[in-house]
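>>> What follows is a protein structure lacking sequence information:
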């Protein structure tokens, strides 16, 4: 007896598409076509056509013998270039020109928009002129020479040390259109960073770093030398060119201890504005310490109760204590408000090396430098309370300077300096002591030959190690985290926070439950 709903054909097979019938999908149909169909169907076809029944392939196929079956071309989606061409046709359709007499019709195809190697549209300002345009003279009002561009001054000073530059190269290729520039002209280095905001941080677009030793001889003569000024002006001109080419809209350009201590610091600022086209801002020690915290605070251990942050510079060293026992889940830039105490020592790698020597440093000379540092650390406010917090545990060091990054590079045995390996690395107290002793036992030429030190830092690295050793002896922490970041990153974070570029971010951190501590 048949089941309800089942039907049979005259030959006893089930009808496809009816409940109870076997499914005959595309795979089975392709199989039958490939094999020529069933024998019964083949014989019926042969009987109707008057041919003898041969092989299944001969009966089920009308192709000539030896011919291969042609597969149907699959429908494919247009690729990126084809989609771009279709979009360009919609946005820029052909233009039909008909003369007044109606005798001729001309169809003008629009020229495609030029693009760079990444695929982005090249702005009109940066495109090269065509041959016809080159024949025409340039107007004096519509063209700005490279020299005029290089000495372009920032406009719209905002009162907070930041400036706005004319947006000649602004491109709508990001949610946040503006580029931010931060320049740190220190006693030893001139550093530039250009970045674009992203979610809860920023993406670096361009960077520049040059050792200029602006503070060379300031400790003795109280003046910036002409050679040092020339080196700094040359580096500032490169920075100004990068800011202009990248089209940075917001910028803050600071000068630190060398210009603070020199009697001709203000004269140098005026000369930099005239010759390099950049308006520098000589910041105070407190501002420098705050910017150092803002630049490195993202590397703070989320579970730490406190952080001893230090920035060993060329002419000064900033030390900050972050008391995080009542952080209430705050992280990142929000931790800048937990500064408990700070100080700025008038000691850096340049003036300390000039005072005690930096080329041939004996262990006795090294101990003299450490004692000099420890004596100045006695003026740190709440120093004894910080010592008790370290004794309770869960307090780590966070160092940002060329000294600690050099120690980390030597510790990892890098054949060339790699920021990705160094930034954020942890070092135990024993590792730091071993690296300082290793550098102390090196000769000057061995320090020059080391790829993580080089000739520019060979005479300064031991002075930086002496400052670090003085801090470690005064407040011995078990762990040290290395930060290859500092004032530039702090400047960018403060400017972006002031502009509220992250106010609409959907990626917000979830707050942890409130937990009270007693100070």
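Nice, I can see it. Since this is a predicted model, take the numbers as computed values, not measurements. Numbers count the residues shown, from 1 in each chain.
>>> need the contact list for the nearest residue to residue 345 once chain neighbours are set aside.
Once flanking residues are discounted, residue 345 sits nearest to residue 317: 4.6 Å by CB to CB, 6 or more residues apart in numbering. Quick note: C-beta positions are derived from backbone N, CA and C, even for glycine. Residues in contact with residue 317 (CB atoms under 8 Å, 6 or more residues apart in numbering) are 310, 311, 344, 345, 347, 348, 467.
>>> so the first one sits right up against residue 322, yeah?
No. Contact between residue 310 and residue 322 fails when scored by CB atoms under 8 Å: they sit 11.5 Å apart.
>>> Where is the longest helix in the chain?
helix 226-246 (DSSP state H).
>>> quick one: buried residues of it?
Buried residues in helix 226-246, counted by 16 or more other CB atoms under 10 Å: 228-229, 231-233, 235-237, 239-244, 246.
>>> Give me the subset of the contacts of residue 317 lying in helices.
Per DSSP H, these map to helices at residue 467.
>>> Now pLDDT too, for the contacts of residue 317, in TSV please.
Converted to TSV, these look like this (pLDDT from 0 to 100):
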residue	pLDDT
310	96
311	94
344	93
345	92
347	91
348	92
467	96
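>>> which among the contacts of residue 317 gets closest to residue 379?
Residue 379 lies nearest to residue 345 out of the contacts of residue 317, by CB to CB, at 8.5 Å.
>>> Neighbours of the closest one, how many?
22 (other CB atoms under 10 Å).
>>> Quick check: it touching residue 320?
No. Shown here, residue 345 and residue 320 do not form a contact pair, counting by CB under 8 Å, at 12.0 Å.
>>> mind listing what residue 363 touches?
So residue 363 contacts residue 440 (CB under 8 Å, 6+ apart).
>>> do residue 284 as well
Going by CB under 8 Å, 6+ apart, the list of residues near residue 284 reads residue 260.
>>> Torsion angles phi and psi at it?
phi -80, psi 170 (degrees, to the nearest 10).
>>> what ranges of this protein fall below the confidence cut-off?
1-75, 94-177, 504-519 (pLDDT under 70).
>>> Need the distance between the two termini of stretch 418-433.
From its first residue to its last, stretch 418-433 covers 22 Å (CA to CA, to the nearest Å).
>>> outside of it, which residues touch it?
Against stretch 418-433 from outside (CB under 8 Å, 6+ apart): 299, 405, 407-409, 411-412, 414, 435, 468, 472, 476-485.
>>> In strands, which of those residues fall?
Residues of the contacts of stretch 418-433 located in strands (DSSP state E): 479, 480, 481, 482, 483.
>>> What is the nearest of those to residue 293?
residue 483 (10.9 Å).
>>> tally of neighbours for the closest one?
There are 26 residues near residue 483, going by other CB under 10 Å.
>>> So it versus residue 242, what's the distance?
Separation of residue 483 from residue 242 (CB to CB, to the nearest Å): 24 Å.
>>> what do you get for residue 281?
From residue 281 to residue 242 the distance is 19 Å (CB to CB).
>>> now swap in residue 396 and tell me
Taking CB to CB, one finds residue 396 at 35 Å from residue 242.
>>> what do you get for residue 373?
36 Å.
>>> Equivalent analysis for residue 299, please.
26 Å.
>>> Then residue 383?
For residue 383, the distance to residue 242 - CB to CB - is 42 Å.
>>> so who does residue 287 touch?
When contacts are taken as CB under 8 Å, 6+ apart, residue 287 is in contact with residue 254.
>>> what secondary structure does it sit in?
Classification of residue 287 by DSSP: H, G, I helix; E, B strand; the rest coil places it in helix.
>>> tell me what the helix or strand encompassing residue 195 is packed against?
Applying DSSP states H and E as the criterion places residue 195 in strand 189-198. Using 3 or more CB pairs under 8 Å, 6 or more residues apart in numbering; DSSP states H and E, the elements in contact with strand 189-198 are strand 180-185, strand 201-211, helix 226-246, helix 487-498.
>>> Of all the ones you listed, which one comes closest to residue 83?
With CB to CB as the yardstick, what comes closest out of these is strand 201-211 (26.3 Å).
>>> The closest one: partners in the sheet, and parallel or antiparallel?
strand 189-198 (antiparallel) (DSSP bridges).
>>> Could I get the buried residue list for the partner strand?
For strand 189-198, by 16+ other CB under 10 Å, it's 189, 190, 191, 192, 193, 194, 195, 196, 197.
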